[in-house]
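A.B. asks: Return a 3D structure for these sequence lines:
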Amino acid sequence: MSSAVRVLGIEGTAWAASAAVYDSDDEHVFIETDAYQPDSGGIHPREAAEHMHEAIPQVVAAALEHARDLDDSEGPPVDAVAFSRGPGLGPCLRVVGTAARALSQTLEVPLVGVNHMVAHLEIGRHTSGFDSPVCLNASGANAHLLAYRNGRYRVLGETMDTGVGNAIDKFTRHVGWSHPGGPKVEEAAKEGEYVDLPYVVKGMDFSFSGIMSAAKQATDRGTPVEDVCYSLQENIFAMLTEVSERALSLTGSDELVLGGGVGQNARLREMLAEMCEARGARFHAPEPRFLGDNAGMIAVLGAKMYAAGDTLPVAESHVDPDFRPDQVPVTWRTGVDLTLGRDGDDGEIEGAEAVVELEPDRGRVYKRRLPKSYRHPDLDARLRRERTTLEARLTNLARREGVPTPVVYDVDPVEATLEFEYVGEAELRANLSLEYVRDVGRHLATIHEAGFVHGDPTTRNVRVAPREERTYLIDFGLGYHTDHVEDYAMDLHVFDQSLVGTADDPEPLREAVHEAYRTVGDSAVLERLRDVEGRGRYVGDGTDVP
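C.D. replies: Numbers count the residues shown, from 1 in each chain. So this is what the prediction gives:
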């Protein structure tokens, strides 16, 4: 930032009416927050908006008083007013937007519109000093994996049903606990023991609906609530940690930051830190006051945007309940894109869950699924065994259906090891072309027609052989048999997102995949894909309003 600025930030996307002042000269952040607490159940949009209407003037007044105490000059106490434009609950966002516009005009300073989810990411980058990290946003209403590429924060993975905090709250409401449920689950889990619950990871996407239903049913059957809480944490946070590791592996990044209110959970932070340490990556979680919904992150990002000249005319300052982070042009930073890791044409490759030894001279590949110390031992053993067995079985099945895959020479589910034929010369992510991705589209359609999915079709899990003009699908460990069009669409969605995370211009590649898929597969899958792509959104009211 070229010169010191002072910015007032206002946050009110859901439950926290918050105002803050950030002074870039000394990096001081003052935050005043008045949180809405429902009498029972979850957040009620009308009641939350009423709380915003009453609380925003008070927290803003406290923040402005602090700003005036910092400088007794006759000019405005701040250089700009930043506010959360979305995503969030429409009635709450309208209150905040109205207050921000009024202050901007009264103080005669520019207006800055901030994406709430990008602010979670940027406060982590700001406080860590990392250059270009992957960010896990674990909030009440959503969960994203984000990384910077070509001027925007790209969504590498996200929840396909409900946010992680909302999912936990649904369980706690079922057992009669008040909002917010996260701290209560964390406390109860201290006395619990592990019981099996569903674990759903689809590439770098994930789903919480199945585990929540199973948790409710378990308590209804008499399983101690402490055991269910303990197992919920172990499974849900292991899912988030696994997909974070997959994102690090795909992008080649060695930096991870955490954002969102669920990030205050000590067990989640412990898992992420343990995973990063094992990979030789750096992990950072901001201090707790920056993890929950807060205006401090709005003010900090607002200052960066203001310094970059990224301000809003009042007439264009509408709020957007469905404001996705990948819709935001990143004007305030010049950091380098994430760089892709090495192809691993020889030697040893460390992937997200396994070590792979390549011996091209002998035509062999040896794969060993590593124990993950962050996962509960029972869960870890089950996943390693099941995925090793599935990988061997589905690799052979795809080959019988005419899809190029390596020959499986040996499999040991107990030791979680596999021996394959060496295929291809490099990973697809370093050799992206329209023809190669068309091959992938046809391959995916072929296995879907045969009744199973790959589960993790990323640009790392496709090998290319330019001299043979062939592409090979590898790593079927997350695959499974299914006849649901939804599962086939999710398979395509995972590959789409991997293109977004690794290609400079992903759209022509994505179109090529879909066109090729249509030549072999069912067009209903592509229709469902459009529905899937629209789901990774904050639970707003679905409208853009002034």
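
A.B. asks: Next SSE downstream of the lowest-mean-pLDDT helix or strand in the chain?
C.D. replies: When the helices and strands of the chain are scored by mean pLDDT, DSSP states H and E, strand 347-350 comes last with a mean of 75. Following strand 347-350 in sequence order, the next helix or strand is strand 354-359 (DSSP states H and E).

A.B. asks: Which strands or helices does that following strand pack on?
C.D. replies: Helices and strands touching strand 354-359, by 3 or more Cβ pairs under 8 Å, 6 or more residues apart in numbering; DSSP states H and E, are strand 347-350, strand 364-369. For the C-beta atoms, the positions are set from N, CA and C on the backbone; glycine is no exception.

A.B. asks: any idea of the angle it forms with strand 364-369?
C.D. replies: Orientation of strand 354-359 against strand 364-369 (axes from the mean of the first three to the mean of the last three Cα atoms, to 10 degrees) gives an angle of 170 degrees.

A.B. asks: from the middle of its chain, how far away would strand 354-359 be?
C.D. replies: 28 Å (Cα atoms, centre = their mean, to the nearest Å).

A.B. asks: on that earlier part again, what pairs with the least confident helix or strand of the chain, parallel or antiparallel?
C.D. replies: Sheet pairing for strand 347-350, assigned by DSSP bridges, gives strand 354-359 (antiparallel).

A.B. asks: Could you pull out the strands in the stretch 401-546 of the chain for me?
C.D. replies: 408-412, 417-421, 426-427, 452-453, 462-465, 470-473, 480-481 (DSSP state E, counting those that start in this stretch).

A.B. asks: Nearest to Leu397 among those would be which one?
C.D. replies: Leu397 sits nearest to strand 452-453 of all the strands of the stretch 401-546 of the chain, at 6.7 Å, using Cβ to Cβ.

A.B. asks: Would you mind listing the outside residues contacting the closest one?
C.D. replies: Strand 452-453 is contacted from outside by Leu394, Leu397, Ile447, Gly479, Tyr480, His481, Thr482, Asp487, Tyr488, Met490, Asp491, using Cβ atoms under 8 Å, 6 or more residues apart in numbering.

A.B. asks: which non-adjacent residue is nearest the first one?
C.D. replies: If the residues on either side of it in the chain are set aside, Leu394 comes closest to Phe476, at 3.9 Å by Cβ to Cβ, 6 or more residues apart in numbering.

A.B. asks: and the one you found, how many residues sit next to it?
C.D. replies: 26 (other Cβ atoms under 10 Å).

A.B. asks: For it, list the residues it contacts.
C.D. replies: Leu390, Glu391, Arg393, Leu394, Thr395, Ala398, Thr405, His454, Gly455.

A.B. asks: coming back round to it: out of the strands of the stretch 401-546 of the chain, flag the one nearest Arg384.
C.D. replies: Ranked by Cβ to Cβ, the member of the strands of the stretch 401-546 of the chain that lies closest to Arg384 is strand 417-421, at 9.9 Å.

A.B. asks: Pull out the buried positions in the least confident helix or strand of the chain.
C.D. replies: For strand 347-350, a neighbour-count test (16 or more other Cβ atoms under 10 Å) marks Ile349 as buried.

A.B. asks: quick one: which of the contacts of Phe476 is most hemmed in?
C.D. replies: Among the contacts of Phe476, His454 has the most neighbours (other Cβ under 10 Å), with 30 neighbours.

A.B. asks: pLDDT score for it?
C.D. replies: pLDDT recorded at His454 is 97.

A.B. asks: Could you double-check that it sits in contact with Leu492?
C.D. replies: No: between His454 and Leu492 there is no contact under Cβ atoms under 8 Å: 9.9 Å.

A.B. asks: returning to what we had before: a markdown table for the strands of the stretch 401-546 of the chain, including mean neighbour count?
C.D. replies: A markdown table is the format used below for those (neighbours: other Cβ atoms under 10 Å):
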| stretch | mean neighbour count |
| --- | --- |
| strand 408-412 | 15 |
| strand 417-421 | 20 |
| strand 426-427 | 20 |
| strand 452-453 | 24 |
| strand 462-465 | 23 |
| strand 470-473 | 22 |
| strand 480-481 | 14 |
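
A.B. asks: With distance to Asp326 as extra columns, can I get these in TSV?
C.D. replies: What follows is these, written out as TSV (distance: least, Cβ to Cβ, whole Å):
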stretch	distance to Asp326
strand 408-412	38
strand 417-421	35
strand 426-427	24
strand 452-453	25
strand 462-465	23
strand 470-473	27
strand 480-481	28
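
A.B. asks: quick revisit: quickly check the contacts of strand 452-453 for the two that are furthest apart.
C.D. replies: Largest separation among those by Cβ to Cβ: Leu397 and Met490, giving 18.9 Å.

A.B. asks: gap between Gly263 and Tyr148?
C.D. replies: Distance, Gly263 to Tyr148, using Cβ to Cβ, to the nearest Å: 19 Å.

A.B. asks: same deal with Arg267?
C.D. replies: 28 Å.

A.B. asks: Same drill for these two, tell me which one is more crowded.
C.D. replies: Neighbour totals were compared for Arg267 and Tyr148, and Tyr148 leads with 23 against 18 (other Cβ under 10 Å).

A.B. asks: Just the element for that one, please.
C.D. replies: Applying DSSP H and E as the criterion places Tyr148 in strand 143-149.

A.B. asks: Below-threshold pLDDT in the chain: ranges please.
C.D. replies: Applying pLDDT under 70 to the chain picks out residues 1-2, 38-43, 72, 334-347, 535-546.

A.B. asks: I figured Leu432 hits Ala503, correct?
C.D. replies: Yes: when contacts are counted by Cβ under 8 Å, Leu432 is listed as touching Ala503 (5.4 Å).

A.B. asks: what touches both of these two?
C.D. replies: Here Leu432 and Ala503 have Thr459, Leu509 as joint contacts, going by Cβ under 8 Å, 6+ apart.

A.B. asks: Thr159: what's it in contact with?
C.D. replies: The contact partners of Thr159, by Cβ under 8 Å, 6+ apart, come to Asn142, Ala143, His144, Asp205, Phe206, Ser207, Phe208, Gly536.

A.B. asks: And Leu473, by the same measure?
C.D. replies: The neighbours of Leu473, taking Cβ under 8 Å, 6+ apart as the test, are Ala398, Val403, Pro404, Thr405, Val440, His443, Ile447, His454, Pro457, Asn461, Val462.

A.B. asks: of all the residues you listed, which comes closest to His53?
C.D. replies: Pro457 (47.6 Å).

A.B. asks: Can you give me the distance of the residue nearest to Arg470 when sequence neighbours are not counted to Leu473?
C.D. replies: Nearest non-adjacent residue to Arg470, counting by Cβ to Cβ, 6+ apart: Pro404, 5.3 Å away. Separation of Pro404 from Leu473 (Cβ to Cβ) stands at 7 Å.

A.B. asks: Common neighbours of these two, please.
C.D. replies: Common neighbours of Pro404 and Leu473, using Cβ under 8 Å, 6+ apart, are His443.

A.B. asks: For Phe323, which of the helices and strands packed on strand 354-359 is the nearest?
C.D. replies: strand 347-350 (36.2 Å).

A.B. asks: got the CA coordinates for that closest one in PDB?
C.D. replies: This file holds the C-alpha atoms of strand 347-350, laid out as PDB (Å, rounded to 0.1, in the frame of the first residue of the first chain):
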ATOM      1  CA  GLY A 347      11.500 -40.500  -9.000                       C
ATOM      2  CA  GLU A 348       9.000 -40.100  -6.200                       C
ATOM      3  CA  ILE A 349       5.800 -38.000  -6.200                       C
ATOM      4  CA  GLU A 350       3.900 -37.000  -3.100                       C
END
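
A.B. asks: Work out the gap between it and the centre of the chain.
C.D. replies: Taking Cα atoms, centre = their mean, the mean C-alpha location of strand 347-350 is offset from the chain mean by 26 Å.
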